[in-house]
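Visitor: just coords:
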């Protein structure tokens, strides 16, 4: 029978302070101290200043996206040709673009597109990857072989190339770019979840649940799923940065967000490149916004990994 | 070894077939059908011409026939014509592939030239300012988008040095100097992106190796620091680095799509991006399949090389 500590670790989403990640076979019973995921994360953030900096940056980004209407000094679509290509000034801290729109306001509103696309794409990709990974890892057999070969085949195509091909079929738009990014995310996530499920189902409490006649959906959802949420969340946070980068790249190539919607990648390709010598600020600020957002999510993903699932470092 | 080779080959074939099915399927789920979508956007065309075009492209046949025909065309290197330019795709590829190969090769070399020395410096000067600077460079490489870096490089080269890469592609054989001028900046941008993961890996493996007994022995013998690091430590530290470089091939191929577009290099990436914008689906499906096949083959070669270098891998 499983011990109380094992059951808590399995179903409650808690971590052992000394024992490794919850998916590990080692029971957490003798670890002495158990800490919640929140506390584990807080402890890592306090130890690593880069983790704290990335969390702050993400908070700023999220608040900027939510309160864009309040923070933006001008309407991002309002054009004033009399002030076209104005240098950064007190009135327009990031300057204006070729038709006199305020670049700061467009960068602020652009955070909405980036975060929205990133969150939805990662949400859809993670959910689909999780379902496939759970099914493959739990049932194994032919279903596993078939689905994993499909995942291999999708992974054989580089993510950006696959996203480009999907957007080519569905027509360029923000929604389609988001769907394309979600498809790119699925194989990697499904593999990680599959691995975690294969490991988690070796635990004695799963065996015990099977022995007392628990139904398979209950075993999957109540006993196995809580054990694989740490790797899922870690990978999702790392993917958020990549999703923002792919969205910006697709928009830059003209197959993502379409004008006049303010998107960081689109701002760079439409005006940033065309006027880069006369008005370098048009290229500098949107690019800086993309880099900082991607950097913040990459560093935060690293911090989450260190706090919740150090084993993922190897993969 | 030969059993391992056969096993890996047998695993690669279904992956390739599945990839081809995905690429083919993607092109066929286009809302409506490829031609109608295309003609609807490009202007009027009468029903007779449309039927002829459809027959020429084999779109009037059942899906399984279309798939088998396309597969045969791919295997025999005869994947048809571009819808827009009517140029045979092999002719377009013959012009584009050398450009991409050259860009990828220079980028790979530059990436290693950036990554290995900085990685080694970072490791040997652990927790010193040089180490922090190296790590910042590595993290920047992962976060700065290629297209932004490319745009900035072009802009500031023009503003500060009044220099822009020569316009109009010159092949390496016709005009090597002009060709190098055209490829240096894009390859550096792509190489910088590639170098970040390699740099991080080099740092951690060199750090690991520097703590090994044989390195301590080398120090104890009184060997010069440079010899200990470069002759003794680096040799062993580079094995896992090769693994990372192998894993970066997908990033390299995808990176060429962006960098070629920014620097107007007429390679595979630019050809595909333009085909996507014009919805020239024969080119899109051929190029995407070619990229997938290249990646599967390269990964296979990398795997076989590891198995050859490290016999333990064959028995896993």
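Guide: Now that the structure is in, tell me what you want to look at. In this text the structure is predicted, and so the values were computed from the model without any measurement.

Visitor: who's in contact with residue A:243?
Guide: For residue A:243, the contact set (Cβ atoms under 8 Å, 6 or more residues apart in numbering or on different chains) comprises A:117, A:118, A:121, A:122, A:181, A:185. Using the backbone N, CA and C atoms, a C-beta is placed for each residue, glycine as well.

Visitor: Could you do residue B:298 as well?
Guide: So residue B:298 contacts B:246, B:249 (Cβ under 8 Å, 6+ apart).

Visitor: Contact partners for the spatially closest residue to residue A:105 that is not a sequence neighbour?
Guide: Leaving aside its chain neighbours, residue A:105 sits nearest to residue A:72 (3.9 Å; criterion: Cβ to Cβ, 6 or more residues apart in numbering or on different chains). Neighbouring residues of residue A:72 by Cβ under 8 Å, 6+ apart: A:102, A:104, A:105, A:108, A:109.

Visitor: cool, residue B:249 as well?
Guide: Shown in contact with residue B:249 (Cβ under 8 Å, 6+ apart): B:295, B:298, B:299, B:302.

Visitor: go on, residue A:161?
Guide: B:253, B:254, B:257, B:272, B:288, B:291.

Visitor: Hmm, the second one is touching residue A:159, no?
Guide: What that stands for is residue B:254. Yes. Shown here, residue B:254 and residue A:159 form a contact pair, counting by Cβ atoms under 8 Å, at 6.7 Å.

Visitor: Which one of the contacts of residue A:72 is nearest to residue A:48?
Guide: Residue A:48 has its nearest neighbour among the contacts of residue A:72 in residue A:108, at 28.9 Å by Cβ to Cβ.

Visitor: By pLDDT, rank the contacts of residue B:249 and give me the bottom one.
Guide: When the contacts of residue B:249 are sorted by pLDDT, the bottom entry is residue B:302 at 77.

Visitor: Does that residue belong to a helix, a strand or coil?
Guide: Following DSSP: H, G, I helix; E, B strand; the rest coil, residue B:302 is assigned to helix.

Visitor: just checking, what packs against the longest helix along chain A?
Guide: Longest helix in chain A by number of residues (criterion: DSSP state H): helix A:103-139. In terms of contacts (3 or more Cβ pairs under 8 Å, 6 or more residues apart in numbering or on different chains; DSSP states H and E), helix A:103-139 is packed against helix A:49-66, helix A:68-71, helix A:141-155, helix A:174-200, helix A:225-252, helix A:264-267, helix A:281-308.

Visitor: Give me the mean pLDDT for the last one.
Guide: Averaged across helix A:281-308, pLDDT comes to 87.

Visitor: picking up where we left off before, looking at the helices and strands packed on helix A:103-139, which is buried most?
Guide: A comparison of the helices and strands packed on helix A:103-139 by mean neighbour count, using mean count of other Cβ atoms under 10 Å in any protein chain shown, puts helix A:264-267 on top with a mean of 30.

Visitor: got any ranges where the chain has weak pLDDT?
Guide: No chain was given, so I picked chain A. A:1-35, A:309-315 (pLDDT under 70).

Visitor: The chain in question should be chain B.
Guide: Counting by pLDDT under 70, chain B contains low-confidence ranges at B:30-45, B:309-316.

Visitor: Now rank the contacts of residue B:249 by neighbours and give me the top one.
Guide: Highest neighbour count within the contacts of residue B:249: residue B:295, with 21 neighbours (other Cβ atoms under 10 Å in any protein chain shown).

Visitor: Following element in sequence after whichever strand or helix holds residue A:205, please.
Guide: Using DSSP states H and E, residue A:205 sits within helix A:204-211. Scanning forward in sequence from helix A:204-211 by DSSP H and E, the next helix or strand is helix A:216-218.

Visitor: Show residues contacting that following helix.
Guide: A:138, A:209.

Visitor: Same check on stretch A:77-95?
Guide: Applying Cβ under 8 Å, 6+ apart, the contact partners of stretch A:77-95 are A:96-104, A:107, A:260, A:262, A:275, A:278-279, A:281-282, A:285.

Visitor: Same check on stretch A:170-182?
Guide: A:113, A:117, A:120-122, A:124-125, A:128, A:162-164, A:166-167, A:243, A:246-247, A:250-251, A:254-258, A:261, A:263, B:30-31.

Visitor: of those residues, buried ones?
Guide: Using 16 or more other Cβ atoms under 10 Å in any protein chain shown as the burial test, the contacts of stretch A:170-182 include A:113, A:117, A:120-122, A:124-125, A:128, A:162-164, A:166-167, A:243, A:246-247, A:250-251, A:254-257, A:261, A:263, B:30 as buried.

Visitor: ok, now which ones touch residue B:69?
Guide: By Cβ under 8 Å, 6+ apart, the residues touching residue B:69 are B:58, B:61.

Visitor: scratch that, residue B:190 is what I was asking about
Guide: Residues near residue B:190 by Cβ under 8 Å, 6+ apart: B:103, B:104, B:107, B:110, B:111, B:146, B:252, B:255, B:256, B:259.

Visitor: Buried ones among those?
Guide: Among the contacts of residue B:190, those classed as buried by 16+ other Cβ under 10 Å are B:103, B:104, B:107, B:110, B:111, B:146, B:252, B:255, B:256, B:259.

Visitor: so the second one touches residue B:256, yeah?
Guide: Pointing back at residue B:104 there. Yes. Look at residue B:104 against residue B:256 with Cβ under 8 Å: they come within range, at 6.0 Å.

Visitor: in chain B, which spans are helices?
Guide: Under the criterion DSSP H, chain B contains helices at B:2-28, B:34-42, B:47-56, B:63-75, B:89-124, B:129-143, B:146-161, B:176-210, B:213-220, B:225-227, B:234-247, B:249-262, B:268-278, B:281-309.

Visitor: Now the last one: buried residues?
Guide: Burial within helix B:281-309, assessed by neighbour count using 16+ other Cβ under 10 Å, is assigned to B:281-296, B:299-300, B:302-304, B:306-307.

Visitor: which ones among the residues you listed come in contact with chain A?
Guide: Filtering the buried residues of helix B:281-309 for neighbours of chain A using Cβ under 8 Å from any Cβ of the partner chain leaves B:281, B:284, B:288, B:291, B:292, B:295, B:296.

Visitor: What is the nearest of those residues to residue A:211?
Guide: The nearest member of these to residue A:211, counting by Cβ to Cβ, is residue B:296 at 43.3 Å.

Visitor: Contacts only, for that closest one.
Guide: Going by Cβ under 8 Å, 6+ apart, residue B:296 touches A:156, B:12, B:15, B:16, B:19.

Visitor: Could you do residue B:21 as well?
Guide: Taking Cβ under 8 Å, 6+ apart, one finds A:153, B:67 in contact with residue B:21.
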